[in-house]
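Trainee: structure for this input, please:
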Amino acid sequence: MDLIPKPDQVVSAAGNVAHKVLYGGLADLRPMPRTLIDEGTLREVYHYRPAAAVKQTGDPVLLVTPLAAPATCYDLRRGCSLVEHFVRAGRPTYLVEYGQVSFRDRALGMEHWVEEVVPTAVREASAHAGGRPVHVVGWSLGGIFSMLAAAGSPDLPIASLTVVGSPVDVRLVPLVAPLRPLLNLSDGRGLVTRGYQALGGAPKPLVRWAFQLSSFQKVVTKPLAVARNLDDGEWLAQIEAVDRFTDGMIAYPGRTFGQLYHRFVKGNALVGGTFEVEGRTLDLADIDVPVLVFAGATDGIAPVPAVKAVVPLLSGSPEVRFEIVPGGHLGMLTGRAARGTTWVALDEWIAQWSSDAAGATPSGAG
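Mentor: The predicted structure follows:
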C-alpha cells in the first residue's frame, strides 16, 4: 500500500479488515482430506484422498515432516499447499507425521525415525500405491531423516529423494556458528544438557521461540509490514497461515534432542557424510537413488552453503541436482513464490525419475 493510499487500496484494505473481523481471517486453512493407512509409536502415515474428477496415477510421493514441526508445513493453506498441488495434479500423495510428543517418549532416539518410522512409511506408501517406487520429499530435519533412512536401508522402494532446506554443515549456520565454541566448553555437562534431561526434551514453547528467533527481524517489523500490506489479501492470508503453523510446533523427545544437540550442533557429526546409529555407521555415499537438493536464498536456519555441503557426500547417487530457490526456511517450501519455483523443479524431477518415464506400465493408486 502506498504511503498515501490510492482509493482502490483504501477499499481493499477496508474489505480485508472487515473480512478478518467478521470471519476470523482471510486464509483458507481447511486441511486437504486424508485417510490414515498406518500407525505406530509416533508414526502416522496418511494418504491424501484424490480430488474430485481427478484420477490418481503414477508413482507416489511421500512427504516426510521434521520433528517438532506440524504437518501443515506441506499443507499450509489452500492455494499455497504442496499437498494440494500434488493431489490436484493426480499424484498419489502420502505423508508421515509423528503426533504429539510427551514426556513418556523421552527415551526415543534418532534411530526410531531413521530405522523404523521413515522406512516403514516408505514401504506402506509403496504398498498402498500398488507396489510402485516412492518419491520421498523431506523438509529440514525430515530431509536428514530421509537421507539417513535411504543410506541405512538400500532395499527401500525409493524412486528419488528430494531434500529441502536440510543443513549438513552446521558450522555454516549463522545462528549456531558463534555458539559452538562456547557449547563445547561444557564437555557435555552444561546447562542445556541438564535442562533437556530434566524436561524430557525440548518443550513446545521453546521450539516455537527458536523458530521465531531465526526470523527475528521479520517478527519485530511484522506490525509495520501488516499495516503496509492491508490491501493485499494474499499477503495477509499467508501471514495467518504461517502464524497457525508456528503455533502448532511440537516438542522434541529428550534422547533425540540430546543427540541432535550433541552430535549435530556441537559435534557437526554429518559434515563428513557418516552418522552412528545404534552401533551402525550410516554413510550418505551409500544412497544409490537420484537426489534433488533445495536451498533457500534467504534461509537463516539452513543457509545455502550449509545445505550445499551435502552434494559432494552423495557420491553413490546416479544424479545429484542442486537448486537455489527464493524464500526462507518455510517460504522456500510453501511460500507464494514456491508455486513457480520449487514446485516446478520438483514436478520436473519426479517426472524425470518416475517409473513411467523408464517405460513401466502405470498401475494407479488405491
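Trainee: residue 326 contacts residue 333, doesn't it?
Mentor: No. In terms of C-beta atoms under 8 Å, residue 326 does not count as a neighbour of residue 333; the distance is 11.3 Å. C-beta here means a position set from N, CA and C on the backbone, and glycine is covered the same way.
Trainee: which one's more surrounded, these two?
Mentor: residue 333 (26 against 16; other C-beta atoms under 10 Å).
Trainee: in the stretch 1-150 of the chain, which spans are strands?
Mentor: Per DSSP state E, counting those that start in this stretch, the stretch 1-150 of the chain carries strands over the ranges 34-40, 43-48, 61-64, 93-97, 134-139.
Trainee: save those as CSV, and put in mean pLDDT and distance to residue 298 too.
Mentor: Output for the strands of the stretch 1-150 of the chain, formatted as CSV (pLDDT from 0 to 100; distance: least, C-beta to C-beta, whole Å):
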stretch, mean pLDDT, distance to residue 298
strand 34-40, 97, 31
strand 43-48, 97, 29
strand 61-64, 98, 23
strand 93-97, 97, 26
strand 134-139, 98, 16
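Trainee: would you list those strands in TSV and tack on distance to residue 319 and mean neighbour count?
Mentor: Shown next, in TSV, are those (distance: least, C-beta to C-beta, whole Å; neighbours: other C-beta atoms under 10 Å):
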stretch	distance to residue 319	mean neighbour count
strand 34-40	30	14
strand 43-48	28	22
strand 61-64	18	28
strand 93-97	23	27
strand 134-139	14	28
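Trainee: and of these, who's closest to residue 240?
Mentor: Proximity to residue 240 (C-beta to C-beta) singles out strand 134-139 among the strands of the stretch 1-150 of the chain, at 20.5 Å.
Trainee: what's the angle from the closest one to strand 93-97?
Mentor: Angle of strand 134-139 versus strand 93-97, following axes from the mean of the first three to the mean of the last three C-alpha atoms, to 10 degrees, is 50 degrees.
Trainee: name every strand pairing with strand 134-139 and say which way it goes.
Mentor: Strand 134-139 pairs in its sheet with strand 61-64 (parallel), strand 158-164 (parallel), by DSSP bridges.
Trainee: want to try TSV for the strands of the stretch 1-150 of the chain, with distance to residue 276 as columns?
Mentor: Compiled in TSV, the strands of the stretch 1-150 of the chain are given as follows (distance: least, C-beta to C-beta, whole Å):
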stretch	distance to residue 276
strand 34-40	24
strand 43-48	23
strand 61-64	21
strand 93-97	24
strand 134-139	20
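Trainee: ok, which stretches of the chain are helices?
Mentor: Using DSSP state H, the helices found in the chain span residues 7-23, 82-88, 110-111, 118-128, 141-152, 180-185, 191-199, 204-213, 216-228, 233-247, 254-259, 304-308, 331-334, 342-352.
Trainee: how close does the closest residue to residue 143 other than its chain neighbours get to residue 246?
Mentor: Leaving aside its chain neighbours, residue 143 sits nearest to residue 166 (3.3 Å; criterion: C-beta to C-beta, 6 or more residues apart in numbering). As for residue 166, its distance to residue 246 is 20 Å (criterion: C-beta to C-beta, to the nearest Å).
Trainee: name the residue in these two with the higher neighbour count.
Mentor: residue 166 (24 against 19).
Trainee: quick check: that one touching residue 145?
Mentor: No. Taking contacts as C-beta under 8 Å, residue 166 lies outside contact range of residue 145: 9.1 Å.
Trainee: run through the stretch 151-300 of the chain and note the low-pLDDT ranges.
Mentor: The stretch 151-300 of the chain contains residues with pLDDT under 70 at 175-233, 251-254.
Trainee: can you do 90?
Mentor: Residue ranges of the stretch 151-300 of the chain with pLDDT under 90: 170-240, 242-269, 276-279, 300.
Trainee: measure residue 38 to residue 269 for me?
Mentor: 30 Å.
Trainee: residue 72 too?
Mentor: Distance from residue 72 to residue 269, by C-beta to C-beta: 29 Å.
Trainee: ok, now residue 120?
Mentor: 24 Å.
Trainee: now do residue 114
Mentor: 13 Å.
Trainee: more crowded one of those two?
Mentor: residue 114 (25 against 17).
Trainee: surely that one touches residue 152?
Mentor: Yes. Contact criterion C-beta under 8 Å: residue 114 and residue 152 qualify, at 6.3 Å.
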